[in-house]
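J.: Generate a structure from the sequence data that follows.
(one chain, ligands or ions: 1)
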Amino acid sequence: MSEPVGRDDLERLLRAAQEGIAHAYAPYSGFPVGAAVLTVAGEVFAGCNVENAAYPLGLCAEAAALGSMVSTVGHRRLRAALVLIARPARAWPCGGCRQRLQEFMEAQAMVYAAGLGLEPVGVPFAQLLPWAFGGQDLAEPMT
Ligand code: THU
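T.: Residues are numbered from 1 along each chain as shown. Prediction:
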């Protein structure tokens, strides 16, 4: 069963995503994004989108947050992730970032979307990426 994240942890995630979005580099889209991830051990890591004049090379905020986690403490299981946009609306992780999150999230981990002045809304990860491809698919089949 998925358990929503407690109020304190949700606020930690939101604050981290706010710090992230403050550093967003989005001169081409004008769409700053902040993201934060919460490990099962309670650590929080933030990221922001980092665009590039060669558009496809731009990095999503979730990818930056995951990179921050792995490069700081190594790979961890995630309890939750939060995506914050700078508008009074909510946006959910793009398809590529759902796959990136799947590397570190179980089906019951929570993903939150938050926007300016809006309460975060959360869904279990399995709802965002059912039938996900993952490391288990690379394992050798039993003979
Ligand atoms: N973006 C993210 O950072 N995360 C997402 O999940 C969706 C999109 C960024 C990429 C680009 O810099 C901008 O939002 C507009 O697509």
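J.: how about the helices of this protein, start to end?
T.: Assigned by DSSP state H, the helices in the chain fall at 7-22, 61-73, 95-102, 125-128.
J.: Now render those as JSON lines, adding mean pLDDT, mean neighbour count and distance to Glu140.
T.: Glycine gets a C-beta too; all of them are placed from N, C-alpha and C. Formatted as JSON lines, the helices of the chain follow (pLDDT from 0 to 100; neighbours: other CB atoms under 10 Å; distance: least, CB to CB, whole Å):
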{"stretch": "helix 7-22", "mean pLDDT": "98", "mean neighbour count": "18", "distance to Glu140": "37"}
{"stretch": "helix 61-73", "mean pLDDT": "98", "mean neighbour count": "19", "distance to Glu140": "26"}
{"stretch": "helix 95-102", "mean pLDDT": "98", "mean neighbour count": "17", "distance to Glu140": "21"}
{"stretch": "helix 125-128", "mean pLDDT": "98", "mean neighbour count": "18", "distance to Glu140": "25"}
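J.: can you list those helices in CSV and add distance to Met110?
T.: Shown next, in CSV, are these (distance: least, CB to CB, whole Å):
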stretch, distance to Met110
helix 7-22, 9
helix 61-73, 14
helix 95-102, 11
helix 125-128, 7
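J.: Out of these, which is closest to Gly115?
T.: Gly115 lies closest to helix 7-22 among the helices of the chain, at 10.6 Å (CB to CB).
J.: Let me know whether that closest one sits next to the ligand.
T.: No: using CB under 6 Å from any ligand atom, helix 7-22 never reaches the ligand; the gap is at least 9.6 Å.
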